[in-house]
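Enquirer: Coordinates for the following, if possible.
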Amino acid sequence: HPRVLARRRGCGCVRGCAAGGAAGGGAMAAAAGAALVRCRVGGRAAAARRGGARPPRRSRAHCEADGGSGRRMAAGSYAFRVPVSEEDLMAQAQTAALAALADGHALVEVEMPPVDTRGVSTGDSIAISEYNAALRTVRRFVAVFEQLGTSESVRVWFPDSGEADIALHGAGINPASGQWEQEAEFHDWAGGVDALLGGDIVTKLSLLSQGYATGGRLKKGVADEVEIEDRLYVIAYPYESDDELVAAMQVWETAWARRPMLFINGNLDAARTRWSAPWDSKGKKMREDFLPRVEAAFYMHHFRSQAGGGMLLRAYPGPWRVLRRDPSGGYVCVEETDERPELREVALQYFSGGLTTSSLATAPEGAVAELSDDNTGFYAALGLERDASRAELSVAYRTLAREHHPDVGGDAMRFYELTRAYAVLKDARKRALYDEHGERFVEFMDSDAGGKAGEASG
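Expert: Now for the predicted structure:
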């Protein structure tokens, strides 16, 4: 398998080397909790879901949204923030995914930048470290289920038995492949840890010969280890080949094993447009029948251009927004649509040629809120004083998260604020910076002063 070969040989171009739900699915997703009270975008998205005509795209003249370092973006009656830190990014992605699942979507996608890129060079040319970064991102994402006390019912599927082995047992430094040391991120995971590919004796012996701890568990079918207690599948970065997504589709098509699926950084856009041979019936079915059912809960794709670049961003249940970087700071929304736009179309229209940001609409005056120096808001969100202990933080978060979780009809934005506050305050270094600088702590994360403050706090 190309991923295993890359781990062993250090291939720097693995991607180049790799030549609603079906019956009952939506009901299972909705059964995870009560339906979320939707945030409406002028009623357009709801009308489209009810079978009405697709709303037209809205140009920048109709896109009343803006964002930047901590700035809130608003359109219609839905508001969200452009993420300004790893914690902010993770909290938004978790909240959007939980909201989509609570709304009954049985196939859900999260596409976000990795939050820990140690060893990943510019352009992600070192594939092995890219896998490690993807693994760490998944581990941080699924921590929300531990905080909510539901991790035992969440089965995490890795692309192959080699990745599952590393998730459970870790891996050492491999100078030949460029691999950094990777800790056993999932050794303490209460739920199941599984693999989409592998499980046969040949693969196991091959992995053992390459230094893997166990080479993965033997099994006859991809869904052999599914437990009746499993209520959700997290499909971790299945972007290397069609085989991984076809295996996920096979699990979905197995009636007794079907559960809601949450794809994290699967690069499904590439799979949707990848060429398949005429005789590849499984690949064709995956592209034409399976992937179109996947709801994008959180999606962030960055574009680079000489004019400044930007991103395509969506946070469920809001619309898709094309954001262009403003030379004066932050972003300007240049297009908003309820339909998923094609990446190629967005790139050609907004991030190529001679288009300059001076021709774009600016944010309405007074519509943004800068990062604040206030260092009490995160504590207030959790109902705690500034001298609260780590244990008190944990108890307060668990209590409030269960109350405001979208699965039980809670407010998605309130849950997001809770998760964001807890993500910062539970980290000793970030808490020390927040206590000193308030929300502007993100500006000091990489400074020497910030590092010393964290060491003193720790």
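Enquirer: Please count neighbours and contacts with C-alpha atoms only from this point.
Expert: Noted.
Enquirer: Correct me if wrong: residue 204 contacts residue 216.
Expert: Yes. At 6.1 Å, residue 204 counts as touching residue 216 under the criterion of CA atoms under 8 Å.
Enquirer: Report the set of residues contacting both of the two.
Expert: Residues within reach of residue 204 and of residue 216 at once, by CA atoms under 8 Å, 6 or more residues apart in numbering, are residue 198.
Enquirer: So the two - more neighbours on which side?
Expert: Between residue 204 and residue 216, counted using other CA atoms under 10 Å, residue 216 has the larger neighbour count: 26 against 20.
Enquirer: Looking at this protein, which helix is longest?
Expert: helix 127-147 (DSSP state H).
Enquirer: What average pLDDT does that one get?
Expert: In this model, helix 127-147 has an average pLDDT of 86.
Enquirer: Is residue 386 in a helix, a strand, or coil?
Expert: Classification of residue 386 using DSSP: H, G, I helix; E, B strand; the rest coil returns coil.
Enquirer: cool, residue 109 as well?
Expert: Assignment for residue 109 (three-state DSSP): strand.
Enquirer: Where do the strands of the protein begin and end?
Expert: 58-59, 66-67, 72-75, 78-81, 107-111, 154-160, 193-197, 232-236, 261-264, 295-303, 310-315, 320-325, 331-337 (DSSP state E).
Enquirer: So which of those is nearest residue 208?
Expert: For residue 208, the closest of the strands of the chain is strand 154-160, at 14.1 Å, according to CA to CA.
Enquirer: Can I get that closest one in PDB, CA atoms only?
Expert: The C-alpha coordinates for strand 154-160 follow below in PDB (Å, rounded to 0.1, in the frame of the first residue of the first chain):
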ATOM      1  CA  VAL A 154     -17.000   6.000  19.100                       C
ATOM      2  CA  ARG A 155     -15.000   3.700  16.900                       C
ATOM      3  CA  VAL A 156     -12.100   5.400  15.100                       C
ATOM      4  CA  TRP A 157     -11.100   3.900  11.700                       C
ATOM      5  CA  PHE A 158      -7.600   4.500  10.400                       C
ATOM      6  CA  PRO A 159      -6.800   4.100   6.700                       C
ATOM      7  CA  ASP A 160      -4.800   0.900   7.200                       C
END
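Enquirer: Could you please name the strands it pairs with and the direction of each pair?
Expert: strand 193-197 (parallel), strand 232-236 (parallel) (DSSP bridges).
Enquirer: would CSV of these with mean pLDDT and distance to residue 270 be doable?
Expert: CSV is the format used below for the strands paired with strand 154-160 (pLDDT from 0 to 100; distance: least, CA to CA, whole Å):
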stretch, mean pLDDT, distance to residue 270
strand 193-197, 91, 19
strand 232-236, 95, 16
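Enquirer: To residue 256, which of those strands lies closest?
Expert: Residue 256 lies closest, by CA to CA, to one member of the strands paired with strand 154-160: strand 232-236, at 13.4 Å.
Enquirer: Which residues does the closest one contact?
Expert: Counting by CA under 8 Å, 6+ apart, 134-135, 138, 153-159, 248, 259-266 sit against strand 232-236.
Enquirer: Could you export the strands paired with strand 154-160 as JSON lines, including mean neighbour count?
Expert: Below are the strands paired with strand 154-160 laid out as JSON lines (neighbours: other CA atoms under 10 Å):
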{"stretch": "strand 193-197", "mean neighbour count": "25"}
{"stretch": "strand 232-236", "mean neighbour count": "24"}
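Enquirer: Switch these over to TSV; also include distance to residue 399.
Expert: TSV is the format used below for those (distance: least, CA to CA, whole Å):
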stretch	distance to residue 399
strand 193-197	27
strand 232-236	22
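Enquirer: Out of those, which is closest to residue 86?
Expert: Nearest of those to residue 86, taken as CA to CA: strand 232-236 at 18.6 Å.
Enquirer: What does the pLDDT read for residue 98?
Expert: In this model, residue 98 is scored at 94, pLDDT.
Enquirer: do residue 259 as well
Expert: As predicted, residue 259 sits at a pLDDT of 94.
Enquirer: Please look at it and residue 229 and confirm they touch.
Expert: No. The pair residue 259 / residue 229 is not scored as a contact, 10.7 Å apart, by CA under 8 Å.
Enquirer: circling back to that earlier point, alpha carbons only: can I get the longest helix of the chain in CSV?
Expert: Only the C-alpha atoms of helix 127-147 are listed here, as CSV (Å, rounded to 0.1, in the frame of the first residue of the first chain):
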residue,chain,number,x,y,z
ALA,A,127,4.4,12.6,3.6
ILE,A,128,5.3,10.6,6.7
SER,A,129,5.2,13.7,9.0
GLU,A,130,2.0,14.7,7.2
TYR,A,131,0.4,11.4,8.4
ASN,A,132,1.6,12.1,11.9
ALA,A,133,0.1,15.6,11.9
ALA,A,134,-3.2,14.1,10.6
LEU,A,135,-3.2,11.5,13.4
ARG,A,136,-2.6,14.2,16.1
THR,A,137,-5.4,16.3,14.6
VAL,A,138,-7.9,13.5,14.8
ARG,A,139,-6.9,12.8,18.4
ARG,A,140,-7.5,16.3,19.4
PHE,A,141,-10.8,16.4,17.6
VAL,A,142,-12.2,13.2,19.2
ALA,A,143,-11.2,14.5,22.7
VAL,A,144,-14.6,16.2,22.6
PHE,A,145,-16.3,12.8,23.0
GLU,A,146,-14.1,12.1,26.0
GLN,A,147,-15.2,15.4,27.5
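Enquirer: Okay, residue 302 and residue 322: tell me how far apart.
Expert: For residue 302, the distance to residue 322 equals 10 Å [CA to CA, to the nearest Å].
Enquirer: which of the two has more neighbours?
Expert: Shown here are residue 302 and residue 322; by other CA under 10 Å, residue 322 has more neighbours (25 against 14).
Enquirer: hang on, the earlier thing: closest one to residue 225 among the strands paired with strand 154-160?
Expert: Taking CA to CA, strand 193-197 is the member of those nearest to residue 225, at 7.6 Å.
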